[in-house]
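Participant: Need coordinates for the below:
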Amino acid sequence: MSKRVLVVDDEKLIVKGIRFSLEQDGMEVDVAYDGEEALALVRENAYDIILLDVMLPKLNGFEVCQQIREFSNVPIIMLTAKGDDMDKILGLDYGADDYMTKPFNILEVKARIKAILRRIEPKEANKVRFLENGDVKLDLESRRVYVLGQEIALTAKEFEVLELLISNPNKVFGRESLLHTVWGPDYPGDVRTVDVHIRRLREKIEQNPGEPKYVHTKWGVGYYFWNM
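Facilitator: Okay, here's the model as predicted:
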């Protein structure tokens, strides 16, 4: 089944180029040129991934990303013309899964898309479908997370971090190890990306993020999931 992608950018030449290239790979591509149009499309359609520019009319990319996260965990790659690290971290803080700085190579865009889609493919039927530890339950097929029976909306990367930690209870993962395993060896970001995602994960699954029950810190080493 072909993947459905939403490309959001107010630069029509960029949109045209990305759309043509993705369609050449057999993907179905919708486009939006401002934040409000993008939100409307996401509410009405099911997308496998979204490419979302930061600088948009009506609503900027950060605002769009934040509002999407209120009802969907669809993977989002932010596109930014700025090279400032704070913009990149801010994008992740609002719930983005990855970012790319303009100008970019379309081959790298497609590689990032395929890497994310490959990681979120449903597990094969003969593999473990559920992971459960204490109050936390992961449905690996639907990629849903439940804490105390209540569904929690996570981004693709937050889910992957939690899946790795809960699969290895009490095993401490260094920040570099988490970055390499979840984001891949060629990811251009640094370990601050891991810290941002751990913080956001705690805010979503912990009753008191300041005193976590599930995801703990081993100071000077890394993070681990406490075996309940």
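Participant: Point me to the residue sitting closest to the centre of the chain.
Facilitator: Asp97 (2.7 Å; Cα atoms, centre = their mean).
Participant: next structured bit after the helix or strand of the chain at the bottom of the mean pLDDT ranking?
Facilitator: Least confident helix or strand of the chain, by mean pLDDT, DSSP states H and E, is helix 85-93 with a mean of 70. Using DSSP states H and E, the helix or strand that follows helix 85-93 in sequence is strand 98-101.
Participant: Going by contacts, tell me the helices and strands next to that following strand.
Facilitator: Here strand 98-101 touches strand 76-80, helix 85-93, helix 106-119, going by 3 or more Cβ pairs under 8 Å, 6 or more residues apart in numbering; DSSP states H and E. C-beta coordinates here come from the backbone N, C-alpha and C atoms, glycine included.
Participant: I'd like the ones you listed as JSON lines, with mean neighbour count and distance to Val8 appended.
Facilitator: Listed next are those as JSON lines, based on neighbours: other Cβ atoms under 10 Å; distance: least, Cβ to Cβ, whole Å:
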{"stretch": "strand 76-80", "mean neighbour count": "24", "distance to Val8": "8"}
{"stretch": "helix 85-93", "mean neighbour count": "18", "distance to Val8": "13"}
{"stretch": "helix 106-119", "mean neighbour count": "16", "distance to Val8": "13"}
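Participant: if we can go back for a sec, for the residue nearest to the centre of the chain, give me the pLDDT.
Facilitator: Per-residue confidence at Asp97 stands at 87 (pLDDT).
Participant: Roughly how far does it sit from Gln24?
Facilitator: Asp97 sits 24 Å away from Gln24, taking Cβ to Cβ, to the nearest Å as the criterion.
Participant: re earlier: got TSV for the helices and strands packed on strand 98-101, with distance to Leu162 too?
Facilitator: Output for the helices and strands packed on strand 98-101, formatted as TSV (distance: least, Cβ to Cβ, whole Å):
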stretch	distance to Leu162
strand 76-80	18
helix 85-93	16
helix 106-119	13
